[in-house]
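**Student:** Test case, fold it:
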Amino acid sequence: MPPMVESATPADPVKKIMAELVATVGYDESLRSVAQELVADEVGAVVVTSTGEPLGLISERDLVTVEATGGDLDTRQAADVMTTDLVTARREDSIESVGRLMLDAGVRHIVIKDGDDMVGLVSMRDVLAVLLEPPVSA
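**Tutor:** Just a heads-up that it's a prediction; the model follows:
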């Protein structure tokens, strides 16, 4: 979950709203295990890793697609369905620019990096909460 922020503006750095504790699963875990991780962490996406390095991302939507098309959550692995073309942003990027990046890339989750290190995850909901927040009057 993103940190509780009293107020953020579209110009603020995305680190202000990112979830720092990113849910991860191993690339060889079953999709049932992935679903259980989503539920346990109350998140909409998990990062798939190998030796601590991010390889891909799996969202609730990915699991629904597998289930709806007759896939078996017990035998299919995270590596079978993960999105490997990760869209990333830097923690200093503005919330507005990250929202634009999401729109342009057609994604709902963006991995936030500090150099080469994954430091957080931002969802479309996190960004929309800031972009649609009514301005605070002085």
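**Student:** nearest spatial neighbour of the residue positioned nearest the centre of the chain, skipping sequence neighbours?
**Tutor:** The structure's the chain has its C-alpha centroid closest to His109; by Cα atoms, centre = their mean the separation is 3.7 Å. Nearest non-adjacent residue to His109, counting by Cβ to Cβ, 6 or more residues apart in numbering: Ala45, 4.5 Å away. C-beta: built from backbone N, CA, C; applies to glycine.
**Student:** how close does that neighbour get to Pro10?
**Tutor:** From Ala45 across to Pro10, the span is 22 Å (Cβ to Cβ, to the nearest Å).
**Student:** if we can go back for a sec, in the sheet, who's paired with the residue nearest to the centre of the chain?
**Tutor:** Beta-bridge pairing for His109 (DSSP bridges): Ser123.
**Student:** so who does it touch?
**Tutor:** By Cβ atoms under 8 Å, 6 or more residues apart in numbering, His109 lies in contact with Gly44, Ala45, Leu57, Ser59, Leu121, Val122, Ser123, Met124.
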